[in-house]
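Student: got a structure for you, letters missing:
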């Protein structure tokens, strides 16, 4: 599949968040944090969070969070105050008013600071698991939360469960003969003007490099030679870790769409990519903070 129009913080490989994971086993950690006025809470409803400004999340005090949410410990800020997430199912109306409204990660992730972007990605990833996986997948019993929201234990069969992360590769393909050509694909579910890198999930027993070669071959018909790792990005739709690569085609003329997932493939010149990155012309590229955008922009700038 080609990469979704995903967004995250501006530098996908940087964490930007002190998770303070060693504290998760502390008894009563969330209750203590909720009783501390210095604690800051990120409220998430569905995949949306409140904004203090178009480029900043609105963090609330624990007393200002509506009832009924699932709570988790995200980490510590610079002054060592606790950061919590309070997650709710998607709402028909906003839980409360926010100065710049509410928005999903796809829309505002690229405008946020590294810290806010990382907190949003982490809170959304963990929150989806908290809301969607309350029962033991082995025996079906209701599980009990532990580790400040980072694990579940089944009281019936004793199994312990953790949030899943599914690895997926995402690949920009350069020409075998012309350094100024880049191959991108258009997903069959998109409009004909939208193009991105090629991507897909890593299969059981498969290395990342093998996944790159298989996905590129399946979707574009291209065999690749050199494969270079470029960085990673957590992406909670639904629970992916995107691992970015740059690969070199063996034969440019072999490129063709699979006709199922991929409706079209196209070799773009460096000038065409430059115009698309600037928002000029008819071609639409991935969102500015996605790893797909980073792979394309780095290639265009000669940083690959």
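Tutor: The structure has been received and is ready for your questions. Note that the structure is a prediction, hence the values are computed from the model and not measured.

Student: From residue 115, how far off is residue 235?
Tutor: Distance from residue 235 to residue 115, counting by Cβ to Cβ, to the nearest Å: 18 Å. C-beta: built from backbone N, CA, C; applies to glycine.

Student: got it, and residue 214?
Tutor: Following Cβ to Cβ, the distance that separates residue 214 from residue 115 is 36 Å.

Student: hmm, back to that, please say which of residue 235 and residue 115 ends up with more neighbours.
Tutor: Between residue 235 and residue 115, residue 235 has the larger neighbour count (other Cβ atoms under 10 Å), namely 28 against 19.

Student: Phi, psi for that one please.
Tutor: Backbone torsions of residue 235, given as degrees, to the nearest 10, read phi -150, psi 110.

Student: what's across from it in the sheet?
Tutor: residue 240 (DSSP bridges).

Student: Tell me which helix or strand in this structure has the weakest average pLDDT.
Tutor: For the chain, counting by mean pLDDT, DSSP states H and E, helix 105-108 ranks last in confidence among helices and strands (a mean of 89).

Student: Quick one: residues contacting residue 99.
Tutor: Under the criterion of Cβ atoms under 8 Å, 6 or more residues apart in numbering, the contact list for residue 99 reads 51, 52, 53, 58.

Student: so what's the first one scoring on pLDDT?
Tutor: According to the prediction, residue 51 has pLDDT 98.

Student: For residue 42, see how far away residue 72 is.
Tutor: From residue 72 across to residue 42, the span is 10 Å (Cβ to Cβ).

Student: So for those two, which residues contact both of them?
Tutor: Taking Cβ under 8 Å, 6+ apart as the contact rule, residue 72 and residue 42 both touch 84, 85, 123.

Student: Including secondary structure and neighbour count, could the residues you listed go into JSON lines?
Tutor: Below are those laid out as JSON lines (DSSP: H, G, I helix; E, B strand; the rest coil; neighbours: other Cβ atoms under 10 Å):
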{"residue": "84", "secondary structure": "strand", "neighbour count": "27"}
{"residue": "85", "secondary structure": "strand", "neighbour count": "25"}
{"residue": "123", "secondary structure": "helix", "neighbour count": "27"}
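
Student: closest to residue 294 among those?
Tutor: Minimum separation from residue 294 among those (Cβ to Cβ) is found for residue 123, which lies at 22.2 Å.

Student: Before I go, just wanted to say thanks for your time.
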